[in-house]
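Enquirer: build the 3D model from these lines:
(chains A and B)
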Amino acid sequence: MSSTTQPLPHYVRPFASGRTWYPNWFGGLHGSERSWAIAFFLPYAAVFLAFIVYPVVYGIWLGSDPELYAELFVQPRYLTTVVNTLLLVGVGVNVKMFLAFLLSGFFVIPNRWIKALLVLYMLPWALPALPAFLSLHWMLIGYGGFLNSALETWFDIDGPIWFNSYPLAMGANILAYIWKWMPFWTLVFVAGRMAIPQEIYEAAAVDGATGIRRFTYVTFPLLANLYLICTLLSTLWTVGDFTTAYFVSSGAPALQTETLATFGFRMAFDQGYPRLGIAAVMVTLPLLIPLTILLMRRVQATEVQL
Amino acid sequence: MSATTAVRRVGHRLHSRLHYRVRRYAVEGVCLLVGLAIVIWSLTPIYNMWLIALSLHGDIFSGELWPSNPSLESFRVVIYEDFWYLARFWHQFGNSFYVGLMVTFLTLFIGSLASFTVGRMRLRNGWILTNAALMTYVIPASFLAIPIYRIMQIYGLGDHLASVILALTTFATPYAIFIFSQYGKSIPMELDESARIDGANPWQIYFRIYLPLMSPALVAVGTYALLLAWNEYLYNFLLLSSPASMTVAVALAQFLNSDESPWNYMMATAIIYALPPIILYYGFRRHMAAGLTMGGVKG
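Expert: Now for the predicted structure:
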């Protein structure tokens, strides 16, 4: 694959003309350089084609029948599932990001025990999701669960059976989701706050921006873009969240708290109807594609000044 | 500045000095309260894991807030594989490790090669390749589970650890490429050029210059990939079905097949399973921060 195997004179090669009708991926590289570039990129291209492009095309083909969608919307639990996913994304992601942003302000306080606390606070994130969510499930199981025992012993309150009521079970899912993922985003915001040069704060203080004004006029404008990018990414990842609903509430009561991912999973593997499972998740594409485009534009525009 | 404001300022300074201690204590008090709330919030579910793991089977869900007869029996059962769900626990633990390490290695290898090509070899349209990689995240991984399950059968990888390794590598690599491209911008191109003048071929530049300089990003992304593999359940469950090929995550979820499972054994397994990522995270904590500030995106 060296230049000797290319019999054409250089002026015949497409990159010599500079402009071609197709994107000239390896343009600007010559001979062995070009071969190296192709060889280096090949592993990723292979993985991308075999495990992203092929599954996506196959999935679109599986879910391409319009009748599937008519069938989908008469499924008894489908609309609840869509609402649940929107609740988890709308409430879960936003509350999580907002609290993470506030707490990042707490964790940048230069104090030894607050630094030690951050280490402890990261524990839910370092813990694998499955055991963590199983523990939360058993904590909230109702009679004999840790939470209800604690309520009874300390406050003499007879706690509810959490997973028997839709709002409580949904709330439990959202709280479990926040518990698991808030530490990570807090860490991102802490890193973001640390990256703000101290001189900016000093200059602002000279101009009279201290306390709350320092926050609204200096910290927040500087971090707004990071906040937006993180919220977008988190939204994209949460729409496909499977573990929370599957392990914390397990869909209880009576499959009312399922999300799209668990619904699709149940349709495909428990009911043996994979086409319907695909159709169930395809419905989110009109929401996800604009979000991804927005995310890319933000990332491109800022060159990730995080 | 007028004289009155100066006087007011001096007065204010005296005033604040008097109240300085009071204010400091108030701030400390608020910090303590927030800290306490954070401790309770973070640790309660983890305490619950220990509570169940240390209880005897009959004592679970009897409303105790700490185990009345704390016992390490369930840990003994897990370690000696003394229960039929756990009959191959150490083998499965090894599987989890193998999957985690392979995903890490492949993600770093494929990701760094791809970002080297895009970032260092002056591709004219390299940014399109990076963006194409990020487009992977349009479709959440769990939504691709159904087609990937079928496709793994077509590839003949059903019930084979390689299927999980390849699937997870695919989902970790776009992030790796993203972080490596960002981080690579901080390495001067002159280094590559002088190596090229000295007669190094691209592989030597990649292996001798690029990789050593990228090591902080490699550590951060490697930790991320290992945690991703360790956290994953859906693909493990779908693609691995026989006890010999299962990972611990799948074996753990087996306990859910019955309502009368020994939950103390399950929680003891969960605690042992949770140890490697926690140790890893705390070992590489400082390097993670470097990766975070570079990309700020990780999940």
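Enquirer: residue B:139 - how many residues pack around it?
Expert: 25 (other CB atoms under 10 Å in any protein chain shown). The way it works is simple: take the backbone N, C-alpha and C, and place the C-beta from them, glycine included.
Enquirer: thought it was touching residue A:291?
Expert: No. Counting by CB atoms under 8 Å, residue B:139 stays clear of residue A:291, with 11.9 Å between them.
Enquirer: any idea of the pLDDT on the residue in chain A positioned nearest to chain B?
Expert: Closest contact between chain A and chain B, by CB to the nearest CB, is at residue A:240 (2.1 Å). Per-residue pLDDT puts residue A:240 at 86.
Enquirer: if you drop the residues flanking it in sequence, what lies closest to it?
Expert: What sits nearest to residue A:240 in space, not counting adjacent residues and going by CB to CB, 6 or more residues apart in numbering or on different chains, is residue B:140, at 2.1 Å.
Enquirer: do the same with residue B:72
Expert: Residue B:72's closest residue in space is residue B:54 (CB to CB, 6+ apart), at 7.3 Å.
Enquirer: contact partners for that neighbour?
Expert: When contacts are counted by CB atoms under 8 Å, 6 or more residues apart in numbering or on different chains, residue B:54 touches B:67, B:70-72, B:74, B:264.
Enquirer: filter these down to the buried ones.
Expert: With burial judged by 16 or more other CB atoms under 10 Å in any protein chain shown, the buried subset of the contacts of residue B:54 is B:67, B:74, B:264.
Enquirer: OK, contacts around residue B:41?
Expert: Counting by CB under 8 Å, 6+ apart, residue B:41 makes contact with residue A:179.
Enquirer: name the helix or strand for residue A:187, please.
Expert: Using DSSP states H and E, the element containing residue A:187 is helix A:166-194.
Enquirer: what's the pLDDT at the residue sitting nearest the centre point of chain A?
Expert: Nearest to the geometric centre of chain A sits residue A:237, at 2.4 Å (CA atoms, centre = their mean). pLDDT recorded at residue A:237 is 83.
Enquirer: quick one: name whatever helix or strand follows the host helix or strand of it.
Expert: Assigned by DSSP H and E, residue A:237 belongs to helix A:220-239. Counting by DSSP H and E, the next helix or strand C-terminal to helix A:220-239 is helix A:243.
Enquirer: hmm, that following helix in reach of chain B?
Expert: Yes. Residues of helix A:243 contacting chain B under CB under 8 Å from any CB of the partner chain: residue A:243.
Enquirer: kindly report the same for stretch A:114-127.
Expert: Yes. Interface with chain B: stretch A:114-127 contributes A:114, A:117, A:119-127 (CB under 8 Å from any CB).
Enquirer: next up, the contacts around residue B:169.
Expert: Contacts for residue B:169 were tallied using CB under 8 Å, 6+ apart; they are A:47, B:102-103, B:106-107, B:110, B:225.
Enquirer: hmm, I was thinking of residue B:205
Expert: Contacts of residue B:205 by CB under 8 Å, 6+ apart are B:120, B:192, B:195-196.
Enquirer: could you rerun that using 10 Å?
Expert: Residue B:205 makes contact with A:36, B:116, B:120-121, B:191-193, B:195-196, B:198, B:211 under the criterion CB atoms under 10 Å, 6 or more residues apart in numbering or on different chains.
Enquirer: what of residue B:196?
Expert: A:33, B:202, B:204-205.
Enquirer: before we move on, which element is it in?
Expert: Going by DSSP H and E, residue B:196 is in helix B:189-197.
Enquirer: hmm, who's touching whatever helix or strand comes next after that helix?
Expert: Later in the chain than helix B:189-197, the nearest helix or strand by DSSP H and E is helix B:202-204. Contacts to helix B:202-204, defined as CB under 10 Å, 6+ apart, come from residues A:29, A:32-33, A:35-37, A:39-40, B:113, B:116-117, B:120-121, B:192, B:195-196, B:198, B:210.
Enquirer: can you pull the pLDDT of residue B:7?
Expert: Confidence score, pLDDT, at residue B:7: 65.
Enquirer: right, and residue B:189 touches residue B:213 too?
Expert: No. With contacts counted by CB atoms under 10 Å, residue B:189 stays clear of residue B:213, the gap being 11.8 Å.
Enquirer: pick out whichever of these two has more residues nearby.
Expert: Neighbour count, other CB under 10 Å: between residue B:189 and residue B:213, residue B:213 has more, with 16 against 12.
Enquirer: who's in contact with the spatially closest residue to that one that is not a sequence neighbour?
Expert: Nearest non-adjacent residue to residue B:213, counting by CB to CB, 6+ apart: residue B:187, 5.0 Å away. Counting by CB under 10 Å, 6+ apart, residue B:187 touches B:119-120, B:209-210, B:213-214, B:217.
Enquirer: out of those residues, who's nearest chain A?
Expert: Using CB to the nearest CB, these come closest to chain A at residue B:120, 9.5 Å.
Enquirer: nearest residue to the closest one other than its sequence neighbours?
Expert: With sequence-adjacent residues excluded and distances taken as CB to CB, 6+ apart, residue B:120 is closest to residue B:192, at 5.8 Å.
Enquirer: sorry, back to before: the residue nearest to the centre of chain A is in contact with residue B:139, isn't it?
Expert: No. Assessed by CB under 10 Å, residue A:237 is found out of contact with residue B:139, at 11.4 Å.
Enquirer: what's around residue 194, how many residues?
Expert: Reading this off chain A. The number of residues near residue A:194, taken as other CB under 10 Å, comes to 13.
Enquirer: right idea, wrong chain: chain B
Expert: Look at residue B:194: counted by other CB under 10 Å, it has 12 neighbours.
Enquirer: over to the one 3 residues further on?
Expert: By the measure other CB under 10 Å, the count of residues near residue B:197 is 8.
Enquirer: quick revisit: for residue A:222, see how far away the residue nearest to the centre of chain A is.
Expert: 25 Å (CB to CB, to the nearest Å).
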